[in-house]
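Engineer: no FASTA, just this:
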């Protein structure tokens, strides 16, 4: 790769240390694939403005990848994966960066000299951005177009051959999808001519998530069973019994005044909640509310917060084999809901929503509203506004992916007053305090972006994102989220 040259350190220049990082790489089933050794720069010693400037580098968002797989499943596209080996070393360094000669590779004749880097090294603050720019330029040369609504999703279309190809990028992991299988093979050849790659064949895992394809039923299944099993063992929770729901309906997590947790306890709690958040973000939408609640106490967790986190792991223990289904038609549907005045500290309500493409849950969220509301209908209206932002984003992204929505997106709401407000709000004592930004929903109904539908609370799928539910209701909603609307 021609990574470095041996030079004298210029006066006043910053020299960065290095270390060897040894690791094991496992597949999605937890089987050991290989051992890895990597020289990593100690980027924490870099000086901003001297050794680096811009550092931000995007990765494909979980909803975007789920969207891509759902479309590929519906259209029967070939979907394969590849890994770019030592990706960062393919990027030219910007500016002068010097590192110490690493242990075991010190030049005996020039022990006091340093390495001047020619390529981006793992550990440097700017390396991810430099690699992203390198890959971006390569994809542009291959006639790909970057989506305006997802920085790590690229498309290439050809009206003559009918080609419809998509590429999702997560640092050095790429997922390729095309309606013409030979195009995928040719793409891999092009990548191999420029980079050192590992051809992973048909997609069976990504980011430790096991991917299984069912061509007969036109769907993909995502599972994190191995990750969950390892996490339960890591936190020493193997001995705990499984349970049916991730949170008890009677749980009260209100902080105790004057309580102060120890630093080791806080670090362990944050690690537990971070693990739950990773699972909830990719394959377990039913955990979103639980994670939302637990994340609010990371700075000062109490025993009751640990107990609540352990219960979430107990739920995962009993449902390790659950898979998220991606498939069905290519029509967007959304469910939005709110739990009024759920927070006991500042009186704010909780927003919850899920947006489906066919049977696939693409976007879901559970979060505390930013403003205090004065009624249930107002809380529902703010939740609708939050969900609408993601609906608008997905509709734009689907245009880029050759799946435009021909009709308004149906939004299911269980509050009839909220539906009336969205259709034609009349200014009154109840609404005249609203900020103009609250009326996004009304505007989009008038524009035909969405259309409102009423559903009973018992049929409100988004209810699972706003509160802890009893086992019967929770399992009913969970089954729909994982298996699709037609399996309700």
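Structural biologist: Received the coordinates, thanks. All values reported here derive from a predicted model rather than from experimental measurement.

Engineer: give me the distance between the nearest residue to residue 84 once chain neighbours are set aside and residue 129.
Structural biologist: Nearest residue to residue 84, sequence neighbours excluded (Cβ to Cβ, 6 or more residues apart in numbering): residue 172, at 4.1 Å. For glycine as for every other residue, the C-beta is placed from the backbone atoms N, C-alpha and C. To residue 129, residue 172 is 14 Å away according to Cβ to Cβ, to the nearest Å.

Engineer: then residue 92?
Structural biologist: On the measure of Cβ to Cβ, residue 92 and residue 129 end up 12 Å apart.

Engineer: compare the two (neighbour count), which wins?
Structural biologist: residue 129 (20 against 12; other Cβ atoms under 10 Å).

Engineer: tell me the helices and strands packed up against the longest helix along the chain.
Structural biologist: Once the chain is assigned using DSSP state H, the helix that runs over the most residues is helix 376-400. Under the contact definition 3 or more Cβ pairs under 8 Å, 6 or more residues apart in numbering; DSSP states H and E, helix 376-400 sits against helix 62-75, strand 153-158, strand 332-339, strand 350-357, strand 360-368, strand 409-413, helix 416-424, helix 440-447.

Engineer: name the residue most distant from the centre of the chain?
Structural biologist: Residue farthest from the centre of the chain, counting by Cα atoms, centre = their mean, is residue 109 at 49.3 Å.

Engineer: pretty sure that residue sits in a helix.
Structural biologist: No: counting by DSSP: H, G, I helix; E, B strand; the rest coil, residue 109 is not found in a helix; it is coil.

Engineer: mind starting the numbering at 20 from now?
Structural biologist: Shifting the count to begin at 20 puts that one at residue 128.

Engineer: next, it: phi, psi?
Structural biologist: Main-chain torsions, residue 128, degrees, to the nearest 10: phi -80, psi -20.

Engineer: OK, contacts around the residue nearest the centre of the chain?
Structural biologist: Central residue of the chain (Cα atoms, centre = their mean): residue 81, 3.4 Å from the mean position. Residues near residue 81 by Cβ atoms under 8 Å, 6 or more residues apart in numbering: 300, 301.

Engineer: for residue 431, name its beta-bridge partners.
Structural biologist: Here residue 431 sits in beta bridges with residue 354, residue 472, going by DSSP bridges.

Engineer: any idea how far it lies from residue 497?
Structural biologist: Taking Cβ to Cβ, one finds residue 431 at 17 Å from residue 497.

Engineer: unless I'm mixing things up, residue 415 is touching residue 167, no?
Structural biologist: Yes: in this structure, residue 415 is within contact of residue 167 by Cβ atoms under 8 Å, at 7.4 Å.

Engineer: who has more neighbours out of the two?
Structural biologist: For residue 415 versus residue 167, neighbours defined as other Cβ under 10 Å are more numerous around residue 415 (15 against 11).

Engineer: not counting its neighbours along the chain, what's nearest the more buried one?
Structural biologist: Distance criterion Cβ to Cβ, 6+ apart; nearest residue to residue 415, sequence neighbours excluded, is residue 168 at 4.9 Å.

Engineer: residue contacts, the one you found?
Structural biologist: Counting by Cβ under 8 Å, 6+ apart, residue 168 makes contact with 412, 415, 416, 419.

Engineer: tell me the contacts of the first one?
Structural biologist: In this structure, residue 412 makes contact with residue 168, judged by Cβ under 8 Å, 6+ apart.

Engineer: for residue 493, see how far away it is.
Structural biologist: 28 Å.

Engineer: same deal with residue 203?
Structural biologist: Counting by Cβ to Cβ, the gap from residue 203 to residue 493 is 40 Å.

Engineer: which regions of this protein lie under the pLDDT threshold?
Structural biologist: In the predicted model, the chain carries pLDDT under 70 at residues 444-457, 506-507.

Engineer: residue ranges of the helices in it, please?
Structural biologist: According to DSSP H, the helices that the chain contains are 81-94, 146-160, 200-213, 244-253, 282-301, 307-313, 322-337, 395-419, 435-443, 459-466, 490-502.

Engineer: got the contact list for the fifth one?
Structural biologist: With Cβ under 8 Å, 6+ apart as the test, helix 282-301 has contacts from 81, 226, 228, 241, 243, 246-247, 250, 254, 280, 306-307, 309-310, 313-314, 316-320, 324-325, 328, 331-332, 335, 343.

Engineer: which of those are buried? Put it as a PyMOL command.
Structural biologist: Buried residues within those, by 16 or more other Cβ atoms under 10 Å, are selected in PyMOL with:
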select buried, resi 81+226+228+241+243+246+247+250+254+280+306+307+309+310+313+316+317+320+324+325+328+331+332+335+343
